[in-house]
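>>> Fold the following.
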Amino acid sequence: MKPKSTIRLFAILGFLSVVFSFATCKYSTRDSAPIPSDITTFRVNAFENKARYVEPALAPQLTEKVRQKIISQTRLRETKNDDANYDISGYISNFSVSTSGVANQQAGTNRIDVTFHLVFKNTVDPDPSKSFETDLSSSYDFLASKTLQQASAENMDNILKTVTDAIFNKIFSNW
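Numbers count the residues shown, from 1 in each chain. The predicted model follows:
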């Protein structure tokens, strides 16, 4: 190698090492907002089913899934008392079926629509923006040859997971 080439190579390598030593990249998959230290307890009230069509197992199973997710994913402890720091309640406001796809002038696929009305109260922080009510919706397609009862049974695990995750994320995430 020629001396000029060697000097240029060392200069480039030196420059790159300086750039990379100061370059930082932060990536995080955690999107949950930190729970304030003064929040220690939560209560999940039994969810109700106020939809026109009542899927009997949905409300009690959803209540239990939300309780278990909060217990397993946060440091909060559950209480049955009225003095819970986070008070969570709500109801299934819609559980309905509609046609989502047509083939040969007949329904090919149908869709189950589920809407959950969440009521969240932060009893520690008097700021009204820390408590809220919101609707969370999900849809599940199924073959039109199946009955609503068959489709509900087949999609129940997915419905429970999706709605539970939506409730949890709405309460504990930044988005």
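
>>> Tell me who's in contact with the closest residue to R52 other than its chain neighbours.
Spatially, and ignoring its direct neighbours in sequence, R52 is nearest to S96 (7.0 Å; C-beta to C-beta, 6 or more residues apart in numbering). Backbone N, C-alpha and C define where each C-beta goes, glycine included. S96 makes contact with 51-53, 112-113, according to C-beta atoms under 8 Å, 6 or more residues apart in numbering.

>>> what's the neighbour count on Y140?
Look at Y140: counted by other C-beta atoms under 10 Å, it has 19 neighbours.

>>> scratch that, M156 is what I was asking about
For M156, the neighbour count with other C-beta under 10 Å is 15.

>>> is it true that it touches P56?
No: with contact defined as C-beta atoms under 8 Å, M156 does not count as touching P56 (11.1 Å).

>>> Show me the shaky parts of this protein.
Scanning the chain for pLDDT under 70 picks out 1-6, 9-11, 13-33, 174-175.

>>> which helix in it runs the most residues?
Counting by DSSP state H, the longest helix found in the chain is helix 148-172.

>>> which residues are contacting it?
Here helix 148-172 has contacts from 32-33, 35, 53, 55, 57-58, 61-62, 65-66, 69-70, 73-74, 86, 88, 90, 97, 110, 112, 114, 116, 118, 120, 134, 136, 138, 140, 142, 146, 175, using C-beta under 8 Å, 6+ apart.

>>> Skipping adjacent residues, who's closest to T164 in space?
Distances taken as C-beta to C-beta, 6+ apart place K65 nearest to T164, at 4.3 Å, with adjacent residues excluded.

>>> Assumed that neighbour was part of a helix.
Yes: K65 forms part of a helix when assessed by DSSP: H, G, I helix; E, B strand; the rest coil.

>>> how close does A84 get to T109?
Distance from A84 to T109, counting by C-beta to C-beta, to the nearest Å: 42 Å.

>>> S145 too?
The gap separating S145 from T109 is 10 Å, by C-beta to C-beta.

>>> hmm, back to that, looking at the contacts of S96, which has the most residues close by?
Within these, I112 tops the neighbour count with 23 neighbours, counted by other C-beta under 10 Å.

>>> now, which of the contacts of S96 lie within helices?
Among the contacts of S96, no member lies in helices (by DSSP H).

>>> Quick one: those as TSV, columns for distance to P126 too.
Formatted as TSV, those follow (distance: C-beta to C-beta, whole Å):
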residue	distance to P126
A51	33
R52	37
Y53	39
I112	39
D113	36
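
>>> ok, now which ones touch T40?
76-77, 85.
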